[in-house]
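> Fold the following, please.
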Amino acid sequence: MMTSTLLIALAAGIGASFIGGAIGGMLVGGKDLGYDLAGMMGAFYGPVAGVAGVILGLSIVFFV
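Down below sits the predicted model:
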């Protein structure tokens, strides 16, 4: 894989982790916290694990 492809995949993975975290936060805590706050918290904490997984996955694909 080329470096530009890796950077595009990294940016797409980070964006997807923001969106997935926001949706997950609204599904899990929307009724209790309110959908706006739950979505913001999910978008903030979603990339904590998502970015690490994307970097690990891309490094495995790059070196194999």
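
> Quick one: list the elements packing against the helix or strand that contains Ala52.
Per DSSP states H and E, Ala52 falls inside helix 35-63. In terms of contacts (3 or more C-beta pairs under 8 Å, 6 or more residues apart in numbering; DSSP states H and E), helix 35-63 is packed against helix 3-33. Every C-beta, even on glycine, is put in place using the N, C-alpha and C of the backbone.

> in the chain, what spans have low per-residue confidence?
Within the chain, the segments meeting pLDDT under 70 span 1.

> Skip the chain neighbours and tell me the closest residue to the residue minimising distance to the centre of it.
For the chain, Ser17 is the residue whose C-alpha lies nearest the centre (C-alpha atoms, centre = their mean; 1.3 Å). Spatially, and ignoring its direct neighbours in sequence, Ser17 is nearest to Gly50 (2.6 Å; C-beta to C-beta, 6 or more residues apart in numbering).

> Count the residues that sit near the one you found.
19 (other C-beta atoms under 10 Å).

> Look up how far Met40 lies from it.
16 Å (C-beta to C-beta, to the nearest Å).

> And for Ile55?
For Ile55, the distance to Met40 - C-beta to C-beta - is 24 Å.

> do the same with Ile19
With C-beta to C-beta as the criterion, Ile19 and Met40 are 13 Å apart.

> Check Gly24 too.
12 Å.

> how far is stretch 16-31 from where the chain is centred?
Centroid separation for stretch 16-31 versus its chain: 10 Å, with C-alpha atoms, centre = their mean, to the nearest Å.
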